Each structure stands twice: as structure tokens, then as C-alpha cells.
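Give the three-dimensional model of this entry:
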Amino acid sequence: MKTSEMNTKAIQCPNCGDTLYFEPAQGKLLCKSCGCAFLPQDIGWRDYLSFAPENGNVFNELPKLVDFVCAACGAKFTADANLTSLRCPYCGGNIVTCAVVSGAARVDFIIPFSCTKTQAVKAYEEYYKSSFLKRILLPGSFTKKSRVEEIQGIYVPFWLYDAAAYGEASYETYDSEKRFGGYYVRHTYREDINCRVDFSLVPADASERIADDLMDSLEPFDTSELVPFSVGYLPGFMAQRYDTDPAENKKRAVLRMKETACEKLRKSINHETLGQTVREKVNVYITDAHQTLLPVWMLTTLWKDRRWTFSMNGQTGAFTGDLPISLFKTLCIVLPIFLAPLVAGVILDYPFYGIFGGALLCLYVLARIYLFMKPVLKASDAKRYAKGETDIYERSEEYLRDDIVKRK
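Okay, here's the model as predicted:
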């Protein structure tokens, strides 16, 4: 396979020249040899701009693998072209690549790691051991034989979007007035609503190699801790540059904002009940986009020749990942749930209703078990990123009719 060569820059102690690494617990760069500590902000851009190519788009033409030349020891090794921070496999030195400071790939902000590797391992063990229900549903061999194969702190590339969403909708809504004799009057109206919803820093991960749903499940990150990017936060961790189509990232964020704006429109009606949706339209206008690196601990465990991937928010400590489910234990839970309504139906001489009720209960329990053990899901809205109150800047309504409805 053809490879290209990429320059690197070692992150070394200014006093003794040994490797520096970022310590999350202290929020500082530490030297292994002389014990000196430095603030990450002190490692600026100036020393790292000279080896970056002027045209940032050159990285879009690179093959998937490139030859890195370690700036610390001079060794050459092959690795993923999208890595912007990594450790030399020969000398163990922490190095950054020219991609991290190059034009289109240049990062705006970063949230530093707050959680350590030890905390990530502990969180993994607590994830499946602290819950009684998880211990019941897990296969016994998973808790005994699964082992952490790899754990790596990674700065994952994200786009953070600021936007304004303008929504306009028309709904049929109604109020109900009670009447005697099992009937009530339903007053029906048509409501037209126009609103504006502002969003701040809606995330969309920009790494092709990491599943979108896994990253969505780690939200939210505390964006109040965003700091201007400095290479001083990278030593000791891997970092990637974005390798996905920015248009696709934007599309995912826009869909989330549209769903939230529609939900706010539906909740802003004046009358008791939402009926038919006559029209609903939302336009989202991106006002700013920031390329950002966010901290994630990735853990891979091996069980029955299959790799299971878990992740932890490197800032908040939130942990997620899908767990295996024991079929035998699940059947032991579901079977009595099915038999109870069935026996009751037979006793009451309604066996069909017993079977139907038992099947519905089983489906409900199975769905709850699956969602409990498989919590990794794609985010469908951006509610937590909406700023302030919804601005209803235009509203009108029209009385349509009264319907007399028999209460069921």
C-alpha cells in the first residue's frame, strides 16, 4: 500500500528535553524526568506552525496510512493519517502531526480531559457490576471471562453549531366541555404559530471511525469549560482530525434542531389538546461553526471472540456501551410474565385474552430489557442546546366548529 510521509513535532520539556504528558487530575503538563509542571496554554502555536503546510486541503488527498517520522528519536512508523496526536512506538515520546495546525484541519476549541485512565477502568467495572438487574441479565461468563483489551484516551473531533431555527405551523386544536348522558362538546380551533428558537453549540462528531450513536450517548459535555485550542492539552492522548463530510455533520445537527423546534411549536398551543397538524415547517440557519476536540475514553473488551466497545465522557465521567444479554436468564424472567395472564384467562374462561395479554406484557418487558442493556442510541433532538425561551413572534387562531362526541 502506498503511503505518504508526514512531519511531526515532539512535545518536550523545555528544561531537560524529556517527554511531557498532560495530567487530567492537575490540569497541567508534567515532565517524567525533572518533575517540572507547565500550563498547557504555555505551549502555543508559534513553535508548531513552521512545519505545517500552507495548504490545509492537502490532507484530503492523503492515503489512509502515512509514514510518521518521530521528531524525538527519528524513527519512522506507519499509522492512521487522521491522527493528529500520538505516541511513538519506539521511544514513547508524545508527538503532534502537522495536521493539527494546518489550515482546514486547524482546531478552534478543546475541552481538556478531567477523568483519568484509572477512573475510566473503575467506571467500566461499576457500569455492569453496580446494577443488580444488569448482573441478572448478563451472561455469567461475561463477568468472569471478559477482559479489557485496550483503553485509550482520545480527543474526538466535533463540529459545534450555533443556529437560529424559524418555525411556522398550523394546527387544529380543541377544548372539551362536559355534558350529561355520556356526551361532551368539543370546540375546535385552528391555530397558526410562528416562532424562533436559538441554539448554541449543538454537537456533531466528525470522526468516521467512531460510531455516531456512541458519541451521542455521551452527551452532554459542559461547554462552559471550552478553552482555546493548545497543543499543550494533547500529550499522553490520541487525537484525530475530522474525516467526515462537513455537509453531513451539518445535516445531522440541523435535523436535531428541527425536531426540537417542532416540539416547541406543538407545546405552544393555547388550547387543551393538539389535534391534526395542518402544516409544519422549520428552517434552520447556521450562524457559526466551531471545530472542537472533546475528550473520550474508549475501552474495548474481548468476550467470546467478539470485541465490545464502551466509552466514557472524559470530562463528566458519563459511561455508556451496549452489554450482552443472556437468552436463558431473559426467558426465565419473561416466561412467568406470559404464564400469569394465560392462567388467569383459562380460569376465567377467556384463554384468548390471556394469551393476548401475556404476549403484550412479554413484548413490553423485552423492549424494556433491550433498552436497559443497549442504551447506545442516536440523539434525535437538541433540547438541551436551546437558548432561553421560545420566541413566539406571531400567533393567530380561528374558531372552526363544535362537535358533539360520545365519550368512550
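
low pLDDT regions in the stretch 301-408 of the chain?
407-408 (pLDDT under 70).

those helices in the stretch 101-250 of the chain, which residues are they?
For the stretch 101-250 of the chain, the helices defined by DSSP state H, counting those that start in this stretch occupy 117-129, 132-137, 140-145, 212-216, 246-267.

Of the ones you listed, which is nearest residue 22?
Residue 22 lies closest to helix 117-129 among the helices of the stretch 101-250 of the chain, at 12.0 Å (CB to CB). C-beta coordinates here come from the backbone N, C-alpha and C atoms, glycine included.

Which residues does that closest one contact?
With CB atoms under 8 Å, 6 or more residues apart in numbering as the test, helix 117-129 has contacts from 115, 134-135, 138, 142-143, 148, 151, 153, 297, 299, 301, 310, 312, 314, 317, 319, 321, 323.

if we can go back for a sec, residue 283 is nearest to which of the helices of the stretch 101-250 of the chain?
helix 246-267 (8.7 Å).

Could you tell me how far residue 252 is located from residue 203?
Using CB to CB, to the nearest Å, residue 252 is found at 10 Å from residue 203.

Same drill for the two, tell me which one is more crowded.
Neighbour count, other CB atoms under 10 Å: between residue 252 and residue 203, residue 203 has more, with 27 against 19.

My read is that that one contacts residue 159, right?
Yes. Using CB atoms under 8 Å, residue 203 makes contact with residue 159 at a distance of 7.3 Å.

list the residues that contact both of the two?
With CB under 8 Å, 6+ apart as the test, residue 203 and residue 159 both reach 253, 292.

Now do the contacts for the closest residue to residue 210 other than its chain neighbours.
Distance criterion CB to CB, 6 or more residues apart in numbering; nearest residue to residue 210, sequence neighbours excluded, is residue 156 at 6.0 Å. If a contact means CB under 8 Å, 6+ apart, then residue 156 has 205, 207, 210, 215, 240, 293-296 as its contacts.

could you flag which of those residues are buried?
205, 207, 210, 215, 240, 293-296 (16 or more other CB atoms under 10 Å).

pLDDT-wise, what's the bottom of the contacts of residue 156?
Lowest pLDDT among the contacts of residue 156: residue 240, with 81.

Bridged to residue 238, which residues?
Per DSSP bridges, residues listed as beta-bridge partners of residue 238: residue 154.

State the number of residues packed around it.
Neighbour count of residue 238, defined by other CB under 10 Å: 18.

from memory it sits against residue 157, does it?
No. Assessed by CB under 8 Å, residue 238 is found out of contact with residue 157, at 11.5 Å.

From residue 206, how far off is the most centrally placed residue in the chain?
Nearest to the mean C-alpha position of the chain, by CA atoms, centre = their mean, lies residue 216 at 1.8 Å. According to CB to CB, residue 216 stands 13 Å off from residue 206.

quick revisit: quick check, nearest of the contacts of residue 156 to residue 364?
Nearest member of these to residue 364, counting by CB to CB, is residue 215, at 29.5 Å.

Not counting its neighbours along the chain, what's nearest that closest one?
Using CB to CB, 6+ apart, the closest residue to residue 215 is residue 205 (4.1 Å).

Hmm, residue 212 and the one you found touching each other?
Yes. With contact defined as CB under 8 Å, residue 205 counts as touching residue 212 (6.1 Å).

Okay, domains of the chain per the record?
Per automatic domain parsing, the structural domains of the chain span 4-106, 110-130+139-323, 327-373.

For residue 399, find the nearest of these.
Of the domains of the chain, the one closest to residue 399 (CB to CB) turns out to be domain 110-130+139-323, at 5.7 Å.

how long is the closest one end to end?
End-to-end distance for domain 110-130+139-323, by CA to CA, to the nearest Å: 30 Å.

starting at the chain centroid, how far to it?
On the basis of CA atoms, centre = their mean, to the nearest Å, domain 110-130+139-323 is displaced by 5 Å from the centre of the chain it belongs to.

Let me know how buried residue 152 is, in neighbour terms.
13.

Nearest spatial neighbour of it, chain-adjacent residues omitted?
residue 298 (5.3 Å).

Going by residue numbers, what spans are strands in the stretch 151-300 of the chain?
Remark: strands assigned in the stretch 151-300 of the chain by DSSP state E, counting those that start in this stretch are 183-205, 227-228, 238-240, 273-303.

Which among these is found nearest to residue 333?
Of all these, it is strand 273-303 that lies closest to residue 333, at 21.7 Å by CB to CB.

tell me which strands and helices the closest one is in contact with?
Here strand 273-303 touches strand 109-110, helix 117-129, helix 140-145, strand 147-178, strand 183-205, helix 246-267, strand 306-313, going by 3 or more CB pairs under 8 Å, 6 or more residues apart in numbering; DSSP states H and E.

wait, isn't residue 379 in contact with residue 218?
No. Between residue 379 and residue 218 there is no contact under CB under 8 Å: 10.1 Å.

Would you mind naming the residues that bridge with residue 150?
Beta-bridge partners of residue 150, as defined by DSSP bridges: residue 300.

what number of residues lie near it?
Residue neighbour count, defined by other CB under 10 Å, stands at 11 for residue 150.

surely it meets residue 308?
No. Residue 150 is beyond contact range of residue 308, at 11.4 Å (criterion: CB under 8 Å).

Can you list the neighbours in contact with stretch 183-190?
If you take CB under 8 Å, 6+ apart as the criterion, stretch 183-190 is touched by 170-179, 270-271, 275, 278, 397-407.
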